[in-house]
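Trainee: Here's a sequence, model it:
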Amino acid sequence: MDSDEGSELYASDVEHNYAPNIFKESESDGLIDSYKPSFDAYFTHASSHTRTSTNVFSQRVAPLSPEEHSAALARASVHAYTPKVPFDCSSFKRWARELDEGFNILFYGLGSKRSILNDFAKHVSRRGHVTVVNAFHPSVTVRDMLASIARVPGVQSTSTSVLTQERVAEHFASSDSPHLFLVVHSLDRSPKIARAISSLALSPHIHIAASIDRLNAPLLFSASQLAARKGSLFSSDLPTKNVGYNWLWHDLTTLAPYTAELTFADRTSISGASSSRARVDITNPVSGPLTETAAIHVLAAVTAKAKKLFSLLAAKQLENADSSDVSEVNSTHNPHDQQHFGLTYDALFTLARDAFIATNDTALRALLGEFRDHGLVVSAAQPGTSGSEVLWIPLRKERLLKLLGNLDGEAT
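Mentor: Alright, predicted model coming up:
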């Protein structure tokens, strides 16, 4: 090929130059241009080893105390912006038509659906009796649901026997019975109510509209229950065949906050992202991270000498943290990484003996036993030594300072 023309490329040039020149150096900038085929490049990259970091995020996130969690929620609610998804109430007629055709409706999607379902309950109240069940309430039981249904005229007989879901389904199976619309909020929050509803859903005159909030909610329903259909096969003589749901699934994404649904949630059980995977020493049977509230309860139940020993260990741990590198202290987010600022057992025994807290090894181990049982003091073998033990308190610096201040205030 003539370099002066430069516009024509021959196949002989490609065949001649491609094979020997796997890497060709550019004359202009000295860079190496790769002429590897795509399949060679794929196997080159696929054969390389990938490095996985040992810094697990769940172990590096410090757990939140209940007080910190409540304060964070209060701050977030002030600046929170909640987008609203427009909803057309004309869907009520379609849902009511589907209920009349013998289906039950299950609503899913992100956001609270309570207000929309309550409006739908008012819409169908002209067609029959309506019962609303707040399944997200921890105190709501199957008996409460049946008691509410029993207020429908004609359901509760004159007998004093307990009303069951089978009797309710049998009552609404008759042709002259009224229609019952059962609206259930957050059905997945109460598996017992979900099982009870399966005995009612196939009754011809019982119509159910329920909502779910969790991703794993469909696991509550078996394949046979989902495949069950309403019809003339309902029989009070064969109650085992009258179990199912006959759902129609509707996406009802509202992006509305779960204000009512989370009102009764136990927020004291929320301890942070690392609560289920917190790294605890195997010699301590306590599971989960230590919180400031738990430490206060433990210290309130121990003797005065035990409190002095804890204060001594906490003061030395804070002193070691202050004398360490600032970057090292700031990088230690996990409370269990406070081992770097801990105290060896021999050093603690010397300090406790000088302070007349424990004069022998047996007394010191007895005082430490109560703290170890509750995870207030943890221990591990000191790296690079044989048999030397390091003791420390698995609390962050600011929490340990606050706890030590409370102990000093009680002592004075």
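
Trainee: contacting residues for the closest residue to A196 other than its chain neighbours?
Mentor: Leaving aside its sequence neighbours, A196 sits nearest to V142 (C-beta to C-beta, 6 or more residues apart in numbering; 4.5 Å). Every residue, glycine included, has its C-beta placed from N, CA and C. Residues touching V142, when contacts are defined by C-beta atoms under 8 Å, 6 or more residues apart in numbering, comprise Q165, K192, I193, A196.

Trainee: Closest one to D408 out of the residues you listed, please.
Mentor: K192 (49.9 Å; C-beta to C-beta).

Trainee: any idea how far the residue nearest to that closest one when sequence neighbours are not counted lies from S199?
Mentor: Distances taken as C-beta to C-beta, 6+ apart put V142 closest to K192, at 5.7 Å, once the chain neighbours are dropped. Taking C-beta to C-beta, to the nearest Å as the measure, V142 and S199 are separated by 10 Å.

Trainee: Report the set of residues contacting both of the two.
Mentor: Shared contacts of V142 and S199, defined by C-beta under 8 Å, 6+ apart, comprise Q165.

Trainee: any idea how far A363 is from V378?
Mentor: Counting by C-beta to C-beta, the separation of A363 from V378 is 20 Å.

Trainee: Pick out whichever of these two has more residues nearby.
Mentor: V378 (23 against 16; other C-beta atoms under 10 Å).

Trainee: what's the helix or strand for L400?
Mentor: According to DSSP states H and E, L400 maps onto helix 397-411.

Trainee: now the helices for the stretch 51-200 of the chain?
Mentor: 57-60, 66-79, 91-100, 114-124, 142-149, 165-171, 191-197 (DSSP state H, counting those that start in this stretch).

Trainee: Need the CA coordinates for the last one. CSV is fine.
Mentor: Output for helix 191-197, consisting of C-alpha atoms alone and laid out as CSV, is shown next (Å, rounded to 0.1, in the frame of the first residue of the first chain):
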residue,chain,number,x,y,z
PRO,A,191,-49.8,-14.3,59.7
LYS,A,192,-52.6,-15.5,62.1
ILE,A,193,-55.1,-13.1,60.6
ALA,A,194,-53.9,-14.2,57.1
ARG,A,195,-54.6,-17.8,57.9
ALA,A,196,-58.0,-17.0,59.4
ILE,A,197,-59.0,-15.0,56.3
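
Trainee: after it, next one along is what?
Mentor: Where DSSP H and E defines the elements, the next helix or strand beyond helix 191-197 is strand 206-211.

Trainee: what lines up beside that following strand in the sheet?
Mentor: When pairs are called by DSSP bridges, strand 206-211 turns out to pair with strand 104-108 (parallel), strand 180-185 (parallel).

Trainee: taking the mean pLDDT, what do you get for the shortest one?
Mentor: Mean pLDDT, computed over strand 104-108, is 94.

Trainee: what comes up buried for that strand?
Mentor: N104, I105, L106, F107, Y108 (16 or more other C-beta atoms under 10 Å).

Trainee: and the second one, what does it touch?
Mentor: I105 makes contacts with W95, E98, L99, I208, A209, A210, W247, L248, H250, as judged by C-beta under 8 Å, 6+ apart.

Trainee: Whichever of those end up buried, select them in PyMOL.
Mentor: A single PyMOL command selects the buried members of these (16+ other C-beta under 10 Å):
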select buried, resi 95+98+99+208+209+210+247+250
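
Trainee: I'd like the contacts of I105 as JSON lines, with distance to Q338 and pLDDT appended.
Mentor: Converted to JSON lines, those look like this (distance: C-beta to C-beta, whole Å; pLDDT from 0 to 100):
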{"residue": "W95", "distance to Q338": "57", "pLDDT": "94"}
{"residue": "E98", "distance to Q338": "59", "pLDDT": "93"}
{"residue": "L99", "distance to Q338": "59", "pLDDT": "93"}
{"residue": "I208", "distance to Q338": "53", "pLDDT": "94"}
{"residue": "A209", "distance to Q338": "53", "pLDDT": "95"}
{"residue": "A210", "distance to Q338": "48", "pLDDT": "95"}
{"residue": "W247", "distance to Q338": "51", "pLDDT": "92"}
{"residue": "L248", "distance to Q338": "55", "pLDDT": "92"}
{"residue": "H250", "distance to Q338": "51", "pLDDT": "94"}
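
Trainee: ok, the contacts of I105 vs E370, which is closest?
Mentor: A210 (49.5 Å).

Trainee: Would you check how far apart that closest one and R114 are?
Mentor: With C-beta to C-beta as the criterion, A210 and R114 are 12 Å apart.

Trainee: cool, D176 as well?
Mentor: Note on D176: its distance to R114, by C-beta to C-beta, is 33 Å.

Trainee: neighbour-wise, which of these two wins?
Mentor: Using other C-beta under 10 Å, the more surrounded residue of D176 and R114 is R114, with 21 against 6.

Trainee: just checking, what packs against the longest helix anywhere in the chain?
Mentor: Residue-count comparison of every helix in the chain, with assignments taken from DSSP state H, identifies helix 304-323 as the longest. Helices and strands in packing contact with helix 304-323 are listed as helix 292-300, strand 343-344, helix 345-354, helix 361-373, strand 389-392, helix 397-411; criterion 3 or more C-beta pairs under 8 Å, 6 or more residues apart in numbering; DSSP states H and E.

Trainee: got JSON lines for the helices of the stretch 51-200 of the chain, with distance to T291 too?
Mentor: Putting those into JSON lines (distance: least, C-beta to C-beta, whole Å) gives the following:
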{"stretch": "helix 57-60", "distance to T291": "17"}
{"stretch": "helix 66-79", "distance to T291": "7"}
{"stretch": "helix 91-100", "distance to T291": "46"}
{"stretch": "helix 114-124", "distance to T291": "32"}
{"stretch": "helix 142-149", "distance to T291": "34"}
{"stretch": "helix 165-171", "distance to T291": "42"}
{"stretch": "helix 191-197", "distance to T291": "29"}
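
Trainee: any idea which of the ones you listed is most buried?
Mentor: For the helices of the stretch 51-200 of the chain, ranked by mean neighbour count under the definition mean count of other C-beta atoms under 10 Å, the leader is helix 165-171 at a mean of 20.
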